[in-house]
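Participant: output the structure for:
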Amino acid sequence: LVNYLKTSGLFRQVSTINEDSIAYNFNIRTDLDDEIISANNKNLRLTAFSLFNINDDREDFIENLKLETQYTKDVITLVPDDSRFREIDRLLDEVQKYQEIEKVYSHDENDEKRRIVDRFATIKAEKEKDLINLIQEAYQNGSLIYLFDETFLSQDKFKVSINDVQK
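Facilitator: Coordinates of the predicted model:
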């Protein structure tokens, strides 16, 4: 999941904000401190929660997070929409299986096996596109938590909404 967040470029658009012609770079990490986008200034942080770390009741999870971070001025927290978690989890699993098949059999001397692996690579690429779209959708439709306030994100206003809170 973290690798897809890094390669998707989703957070690149909100990693820097300009205010009065001064650029402020945000350090974007997961809740497990995996780096998505690095910045020298560690005091401006955006923490993106992993889909795997949200408990069954998302609203309860968000309320607890609001209480925990209500006095934390240097961190904005993004909680993704987990409504399609099962589908994302299944696709992650499938893509990983296809990657393993590719790794093991892509250099096989048997032409038939290599052709089969090529077909699997095509299937994997399609599933990866679907997976990246679902992951981006989950984060773009998530909730932003800052100082006990919750901002609901949407695909259309993802950057604008985050930039408003960053300011």
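Participant: K6 contacts I36, correct?
Facilitator: Yes. Between K6 and I36 there is a contact at 5.6 Å, judged by Cβ atoms under 8 Å. Glycine gets a C-beta too; all of them are placed from N, C-alpha and C.
Participant: tell me which of these two has more neighbours.
Facilitator: Between K6 and I36, counted using other Cβ atoms under 10 Å, I36 has the larger neighbour count: 20 against 17.
Participant: which other helices and strands contact the longest helix along the chain?
Facilitator: Across the chain, the longest stretch assigned as helix under DSSP state H is helix 111-140. Packing partners of helix 111-140 (3 or more Cβ pairs under 8 Å, 6 or more residues apart in numbering; DSSP states H and E): helix 2-8, helix 85-105.
Participant: tell me which residues in the last one are buried?
Facilitator: Across helix 85-105, burial judged by 16 or more other Cβ atoms under 10 Å covers 85, 88, 91-92, 94-95, 98, 101.
Participant: could you identify the least confident member of these?
Facilitator: pLDDT across the buried residues of helix 85-105 is lowest for I101, at 87.
Participant: contact partners for that residue?
Facilitator: By Cβ atoms under 8 Å, 6 or more residues apart in numbering, the contact list for I101 reads 117, 120.
Participant: ok, now the one 4 residues further on?
Facilitator: By Cβ under 8 Å, 6+ apart, Y105 lies in contact with 113-114, 116-117.
Participant: repeat the analysis, applying 7 Å as the threshold.
Facilitator: By Cβ atoms under 7 Å, 6 or more residues apart in numbering, the residues touching Y105 are 113, 117.
Participant: quickly note the distance from it to I116.
Facilitator: Distance, Y105 to I116, by Cβ to Cβ, to the nearest Å: 8 Å.
Participant: contacting residues around K127?
Facilitator: When contacts are counted by Cβ under 7 Å, 6+ apart, K127 touches 91, 94-95.
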